[in-house]
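Chemist: below are the sequence and a predicted model for it; my questions follow.
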Amino acid sequence: MTERLAGVPTARLSGRLVGLGVTGSIAAYKAVELLRLLVAEGADVAVMLTPSATHFVGPLSFAALSRHPVETELLDLMPDGRIGHIVVGDTADVIVVAPATAHWLGAMANGLAADVVTATCLATAAPVVVAPAMDGDMWTHPATGANVARLRSYGYAVVEPDAGLLASGQSGVGRLAALPAIVDAVVAAVGDRPIRVPDEVLRPPRVGPARDADLAGRHVLVTAGGTREAIDPVRFIGNRSTGKMGVAIAEAALDRGARVTIIAANVEVSLPSEAAIIRVGSTADMRAALLRNLHAADGTSGFDALVMAAAVADFRPTERADHKLERGAGMTLALEPTPDLLAEVARIAHGRDTADAPTREPLRPRPLLVGFAAETGSLERAAEKLRRKGVDLLVANDVAEAGSGFGTDTNRVSILVADGSREDLPLQSKRAVADRLLDRVAAALDERDVLAQTGATTEPPREPA
């Protein structure tokens, strides 16, 4: 049982990742309480349900208590694109299967990985604890005994079931063992082993608490991916953007109730089907798409927030060949800068012309503008970019840092605000970055609407023309 010091229980599993496998037994409902006890012991818990388990318990309660996505299907990927049972198997300090049915014992004893719980146990080098639960005659059947003996030969710890009233109405040995005894077995299996994978980034991704629909009724326009500038019909100048950050922002906005439009350049990830998709290739194509969406049919602003997460090419060839250029000893390309799309949209939104003079009607209601700045080695230029572009928020990151560049599932960013403040976020999943950014977007849009009712404005500071 849990040791106590001055009346306070110690967290015997502090810092540990526990994989909790639940199979299709009537006792599956007890696994929710087992999860709570493991968390109380300081454990980080990732839950896996067999298909039959989902007939008794749903994943929502487990996800809410564990703050991790629940693995239910063998072929499903985690939200960050990794294979769920492999990640749990590689990072868990211990796996506990409770309750474990007779069917699962037989499948596991023979290495039949037909469900995510069995596959995880096969894919791990961590200790495994098994707590069977079934009818009494099933438990005493020689086949079940042989399967249990084989699991013990693998080094698995088996917490044998208790005697008592069973689901069949009969009494016998087959009830799931007392939950504190299962927790004690998990603690004993871990022993004094070092934590296998302390880095949370490598563990199963966390899911935040349920979000309010704080972007309901808002239209969020997101650009994603990298633009390509043609040299000839075959070759182009591009960049390493995959679109993962932009898509994470779009998905997070959809989950918060927003209507989302994605202007997608070259992307290497799936786009959410709930969003309106505009496909583009070059910077000129993206510019045209942005300008077409500046105004709604009634003349008001075409979107509430623009998040320019796309990596727009900075240069393009001055001339594009209409045929494939022949291979030779070398090639010299003359390049010219591409338009600064975000700065142009910001000028239009603020009612200013190319000379930064207020010569046109600004967009009403004024949209919130968010830019991205991919830097290498330092973020010193980011504040100047925010002022020069005239945006409300600028998300800057060092793409040369491991885990924070193009194509990664994680990002470390700093969010710079037009008022001069700055928030430095730790390395985390791109979805977590997206949610933190949208926290600010939602709050800023609410403030915009309140100030509009009083006739005030929230124009960001601008450099003199």
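Modeler: Now that the structure is in, tell me what you want to look at. Residues are numbered from 1 along each chain as shown.
Chemist: quick one: mean pLDDT for the top helix by length along the chain?
Modeler: Using DSSP state H, we find that the single longest helix of the chain is helix 430-454. The predicted model assigns helix 430-454 a mean pLDDT of 89.
Chemist: now do that helix: everything it contacts.
Modeler: For helix 430-454, contacts defined as Cβ atoms under 8 Å, 6 or more residues apart in numbering pick out 79-80, 205-206, 208, 211, 214-215, 218, 220, 244-245, 248-249, 251-253, 256, 304-305, 307, 365-366, 368, 370, 392-393, 395, 408-411, 413, 415, 417, 423, 425, 457-458. Bear in mind the C-beta positions are built from the backbone N, C-alpha and C, glycine included.
Chemist: just the buried residues of these.
Modeler: Buried residues within these, counting neighbours by 16 or more other Cβ atoms under 10 Å: 79-80, 205-206, 214-215, 218, 220, 244-245, 248-249, 251-253, 256, 304-305, 307, 366, 368, 370, 392-393, 395, 408-411, 413, 415, 417, 425.
Chemist: which ones among those are found in strands?
Modeler: Those of the buried ones among the contacts of helix 430-454 mapping onto strands are Val220, Ala305, Val307, Leu368, Val370, Leu393, Val395, Thr410, Asn411, Val413, Ile415, Val417, per DSSP state E.
Chemist: closest to Gln170 among these?
Modeler: The closest of these to Gln170 turns out to be Thr410 (Cβ to Cβ; 52.6 Å).
Chemist: residues contacting the residue lying closest to the closest one once chain neighbours are set aside?
Modeler: Nearest residue to Thr410, sequence neighbours excluded (Cβ to Cβ, 6 or more residues apart in numbering): Gly403, at 4.7 Å. The neighbourhood of Gly403, defined by Cβ under 8 Å, 6+ apart, consists of Val201, Thr410, Asn411, Arg412, Leu427.
Chemist: TSV for those residues, including distance to Ala357?
Modeler: Listed next are the contacts of Gly403 as TSV, based on distance: Cβ to Cβ, whole Å:
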residue	distance to Ala357
Val201	48
Thr410	43
Asn411	37
Arg412	39
Leu427	43
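Chemist: follow-up on the earlier one: please give the element, helix or strand, for the residue nearest to Thr410.
Modeler: Under DSSP states H and E, no helix or strand contains Gly403.
Chemist: let's number from 58 now, not from 1
Modeler: Sure thing, new numbering starts at 58, so read that last one as Gly460.
Chemist: could the ones in strands among the buried ones among the contacts of helix 487-511 go into TSV alongside pLDDT?
Modeler: Shown next, in TSV, are those (pLDDT from 0 to 100):
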residue	pLDDT
Val277	97
Ala362	97
Val364	97
Leu425	96
Val427	96
Leu450	95
Val452	92
Thr467	86
Asn468	87
Val470	90
Ile472	94
Val474	92
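Chemist: the residues you listed: which two are farthest apart?
Modeler: Leu425 and Thr467 (25.3 Å).
Chemist: tell me the buried residues in stretch 110-129?
Modeler: Under the neighbour-count criterion of 16+ other Cβ under 10 Å, stretch 110-129 has 110-111, 113-114, 116, 118-119, 122-129 buried.
Chemist: and those, which of them are in helices?
Modeler: Under the assignment DSSP H, the buried residues of stretch 110-129 contribute Pro116, Ser118, Phe119, Leu122, Ser123 to helices.
Chemist: mind checking how far the third one is from Leu131?
Modeler: Taking Cβ to Cβ, to the nearest Å as the criterion, Phe119 is separated from Leu131 by 17 Å.
Chemist: next: the last one.
Modeler: According to Cβ to Cβ, Ser123 and Leu131 sit 19 Å apart.
Chemist: run through the protein and note the low-pLDDT ranges.
Modeler: Applying pLDDT under 70 to the chain flags residues 58-67, 225, 265-268, 386, 435, 511-522.
Chemist: tell me where it has helices.
Modeler: Shown for the chain, the helices assigned by DSSP H span residues 87-97, 116-123, 141-148, 159-166, 173-179, 193-197, 199-210, 236-247, 301-312, 340-349, 398-406, 439-446, 487-511.
Chemist: got the contact list for the fifth one?
Modeler: What that stands for is helix 173-179. 76, 78-80, 105-107, 128-131, 141-142, 145-146, 149, 152, 154, 161, 164-165, 168-170, 185.
Chemist: next step: these restricted to strands.
Modeler: Judged by DSSP E, the contacts of helix 173-179 include Gly76, Gly78, Val79, Met105, Leu106, Ile152, Val154, Val185 as members of strands.
Chemist: quick check, nearest of these to Arg373?
Modeler: Relative to Arg373, the closest of the ones in strands among the contacts of helix 173-179 is Met105; by Cβ to Cβ it sits at 49.3 Å.
Chemist: setting aside sequence neighbours, what's the nearest residue to that closest one?
Modeler: Closest residue to Met105 apart from its sequence neighbours, by Cβ to Cβ, 6+ apart: Glu128 at 4.3 Å.
Chemist: what does Arg316 give?
Modeler: Spatially, and ignoring its direct neighbours in sequence, Arg316 is nearest to His276 (4.8 Å; Cβ to Cβ, 6+ apart).
Chemist: what about the one you found, distance to Val498?
Modeler: Noted for His276: a distance of 12 Å to Val498, by Cβ to Cβ.
Chemist: okay, these two: which has more neighbours?
Modeler: Just comparing His276 and Val498: by other Cβ atoms under 10 Å the higher neighbour count belongs to Val498, 26 against 20.
Chemist: can you give the domain ranges for this structure?
Modeler: Domains of the chain are assigned by automatic domain parsing as 61-247, 276-377+390-508.
Chemist: reformat the ones you listed as JSON lines; add distance to Glu383.
Modeler: Listed next are those as JSON lines, based on distance: least, Cβ to Cβ, whole Å:
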{"stretch": "domain 61-247", "distance to Glu383": "40"}
{"stretch": "domain 276-377+390-508", "distance to Glu383": "10"}
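Chemist: farthest-separated two in the ones in helices among the buried residues of stretch 110-129?
Modeler: Across these, the longest distance by Cβ to Cβ is 10.8 Å; it joins Pro116 and Leu122.
Chemist: quick one: stretch 349-365 to chain centroid distance?
Modeler: Relative to its chain's centre, stretch 349-365 lies at 28 Å (Cα atoms, centre = their mean, to the nearest Å).
Chemist: same check, this time on stretch 290-308
Modeler: Averaging C-alpha positions (Cα atoms, centre = their mean) puts stretch 290-308 18 Å from its chain's average.
Chemist: regarding that stretch, how distant is the last residue from the first?
Modeler: Length of stretch 290-308, first residue to last, Cα to Cα, to the nearest Å: 33 Å.
Chemist: flag every buried residue along that stretch.
Modeler: Within stretch 290-308, the residues scored as buried using 16+ other Cβ under 10 Å are 292-296, 298-308.
Chemist: name the nearest of the ones in strands among the buried ones among the contacts of helix 487-511 relative to Ala440.
Modeler: Among those, Val474 lies closest to Ala440 (Cβ to Cβ), at 10.1 Å.
Chemist: who's in contact with the closest one?
Modeler: Going by Cβ under 8 Å, 6+ apart, the list of residues near Val474 reads Asp449, Leu450, Glu480, Arg497.
Chemist: cheers, nothing more for now.
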